[in-house]
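J.: the amino acid sequence is not available; the structure is as follows:
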């Protein structure tokens, strides 16, 4: 029991905020990131280097990265859609960059006007850029397979397609691949099946993270299945921020607070102080008063006599 | 894949309605039960035989049972707190009666003013009553261990206490025991642990059902863990009806619609037509317009290309 642990990768400042109509001021982003890191979150996707016209919510990503880099021990992650974004990420000094590749080519073309081959070309170009950097300045490079569990335009995606794309991302120079259930189509069985299949192609150490949505309420059940398959990094968003604005409660990332509660209750250390994490909601609520915040644990509170796994494990990073 | 199946036990008309302030008229209860049975739900807990003063929502349980008994193939279940309730259940002709026993004695005394020993005495008296009936009129008798995963008054409950109570319920004449996470304190690990431990005492065929709440968002993850331990009957409430009125979204039974979606997506047949089930929400909404209905799947809709397990399995009960 005592040796089990997972990593939470908080994606609210990126995936959450880019799906909010309102723009969170830089000062609030800083406070939020500070508070989550202080609560024990060790990786935060703080923004994305994308067109400022398309996503004005992300226009200050370079400043956000600069601030996040001042926090000791924090892995500062960003999302990039292409080489240009990767150049900005490298210049800003991000520790980790993620390039999404939609397993559904229809979705890829509709969304970013790029075929699979074109995105793989970007991966290759980004990899070539990273090769030029000294080892201690080279960010970790992940290719993330989005819509991996199904697409709202194409429906189910052939497993063979996903395996081929995973292979091509690795050949293009990614350090690892990730699996994203962008649409909330995944279930515990498909989760297990696809994780095993992709690991069979790229190796278990090259698929360590999943990005899950709670669209149909299965987010934590899927996280459990992924954990039992050996996945160790879980994306999640504070308050499930970024839920679909046209269908309240129906969409969005899995809720960090509930995910932390599940693992801590199971005796799996997350390093996160849940009460401190729940307090971070106030910062988001203060900056974005019109955004719905999800999550069951913050409303219900912790069980009487609840002990976090970190205490049991004696890892003692404390709050 | 094709042979897997589980049973849904819809508890909305009992556990849902008894936690609503408003009283659902008998005609609506009938329509609701008819519609869910038509959607493929094969067991419904239609009410409880309790004090009409204490729970006026349940005052018409005898009439509801009489109606439910006219539906072919439906298992008509009721909850009873004592011998007197069991007598009424037998007279009404219920197929299954459940006697709750709170693993937390503090909770039992506070809630129904009875010690463990007194509830076990009721179980014995009920069992004696059932012994007098001809085999074909004898209802199935379950002792349900509530607050089994923790109590809001006592905190965690010693496993030894639960095992002893399970043993005493069986000795008192119950056909089987159930485990209830009344407080939403359970997690996938404690779920697995307690199911294994109780089955070790009573036998695997004497613990086949769990009653889960979604208080902290872990309801479906807990259901997944229970399923993987071999549990085959899952209580759930349409729309999660009966969520705590003072903390919207924070409490209540797991949502039947999301539970059915999870299992069907996994290829585990529930016998339920999910679209027909989702339509049942209109009946509840119509009767109880002020009650919040929960559930993610009804809002998000079914995935593009979704196929229910029953079709894959060729069981073809289909709607």
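T.: Right, received. Where do you want to start? Small disclaimer: the values here were computed from a predicted structure and weren't measured.
J.: ok, what's across the strand from the nearest residue to residue A:309 once chain neighbours are set aside?
T.: In this structure, residue A:309 finds its nearest non-sequential neighbour in residue A:269, 4.2 Å apart by CB to CB, 6 or more residues apart in numbering or on different chains. The way it works is simple: take the backbone N, C-alpha and C, and place the C-beta from them, glycine included. Under the criterion DSSP bridges, residue A:269 forms beta bridges with residue A:5.
J.: residue A:269 and chain B: what is the separation?
T.: 13 Å (CB to the nearest CB, to the nearest Å).
J.: ramachandran angles for the residue in the stretch 51-200 of chain A positioned nearest to chain B?
T.: Going by CB to the nearest CB, chain B is nearest to residue A:155 of the stretch 51-200 of chain A, at 3.0 Å. Main-chain torsions, residue A:155, degrees, to the nearest 10: phi 80, psi -150.
J.: model confidence for the nearest residue to it once chain neighbours are set aside, exactly?
T.: Leaving aside its sequence neighbours, residue A:155 sits nearest to residue B:305 (CB to CB, 6+ apart; 3.0 Å). For residue B:305, the pLDDT comes out at 94.
J.: residue B:305 touches residue A:151, doesn't it?
T.: No. Applying CB atoms under 8 Å, one finds residue B:305 not in contact with residue A:151, separated by 9.3 Å.
J.: which residues touch the residue nearest to residue A:155?
T.: Residues in contact with residue B:305, defined by CB atoms under 8 Å, 6 or more residues apart in numbering or on different chains, are A:150, A:155-156.
J.: how about it, secondary structure?
T.: coil (DSSP: H, G, I helix; E, B strand; the rest coil).
J.: that one and residue B:62, how far apart?
T.: Relative to residue B:62, residue B:305 is positioned 46 Å away (CB to CB, to the nearest Å).
J.: ranges for the helices of the stretch 101-250 of chain A?
T.: A:105-112, A:116-131, A:159-171, A:188-202, A:219-228 (DSSP state H, counting those that start in this stretch).
J.: identify the residues contacting residue A:281.
T.: Residue A:281 touches A:238-239, A:257, A:293, A:295, A:298, counting by CB under 8 Å, 6+ apart.
J.: please redo it, this time with the cut-off set to 10 Å
T.: By CB atoms under 10 Å, 6 or more residues apart in numbering or on different chains, the residues touching residue A:281 are A:32, A:35, A:238-239, A:241, A:256-257, A:293, A:295, A:298.
J.: and those residues near chain B, which?
T.: Among the contacts of residue A:281, the residues that sit close to chain B (CB under 10 Å from any CB of the partner chain) are A:257, A:295, A:298.
J.: so which of those residues is the most crowded?
T.: residue A:257 (28 neighbours; other CB atoms under 10 Å in any protein chain shown).
J.: and stretch A:97-107, how far out from the chain's middle?
T.: Here the centre of stretch A:97-107 is set off from its chain's centre by 14 Å, with CA atoms, centre = their mean, to the nearest Å.
J.: any idea how far apart the tips of it sit?
T.: Using CA to CA, to the nearest Å, the end-to-end distance of stretch A:97-107 comes to 21 Å.
J.: could you pull up the mean pLDDT of it?
T.: 96.
J.: how about stretch A:219-236?
T.: When pLDDT is averaged along stretch A:219-236, the result is 98.
J.: wait, what's in contact with residue A:98?
T.: Counting by CB under 10 Å, 6+ apart, residue A:98 makes contact with A:9, A:11, A:14, A:45, A:48, A:77-80, A:89, A:139-144, A:174, A:176, A:178, A:180, A:209, A:211, A:235.
J.: tell me which strands the host helix or strand of it pairs with, and in which orientation.
T.: Using DSSP states H and E, residue A:98 sits in strand A:96-102. Strand A:96-102 pairs in its sheet with strand A:75-79 (parallel), strand A:140-146 (parallel), by DSSP bridges.
J.: the residue of the stretch 51-200 of chain A closest to chain B touches residue B:303, doesn't it?
T.: Yes. Applying CB atoms under 10 Å, one finds residue A:155 in contact with residue B:303, separated by 7.2 Å.
J.: overlap of the contact sets of those two?
T.: A:183, A:185.
J.: comparing the two, which residue is more hemmed in?
T.: Neighbours were tallied for residue A:155 and for residue B:303 using other CB under 10 Å; the higher tally belongs to residue B:303 (23 against 14).
J.: just give the closest residue to the more buried one, not the sequence neighbours.
T.: Using CB to CB, 6+ apart, the closest residue to residue B:303 is residue A:185 (4.4 Å).
J.: what's the answer for residue A:174, then?
T.: Closest to residue A:174 by CB to CB, 6+ apart is residue A:143, at 4.0 Å.
J.: could you give the bridge partners of the one you found?
T.: Beta-bridge partners, per DSSP bridges, of residue A:143: residue A:99, residue A:177.
J.: what sits against it?
T.: Residue A:143 touches A:98-101, A:119-120, A:122-123, A:126-127, A:165-166, A:168-170, A:172-178, A:202, A:206, counting by CB under 10 Å, 6+ apart.
J.: could I get the full set of strands for the stretch 151-300 of chain A?
T.: Taking DSSP state E, counting those that start in this stretch as the test, the strands found in the stretch 151-300 of chain A are A:176-181, A:209-212, A:233-236.
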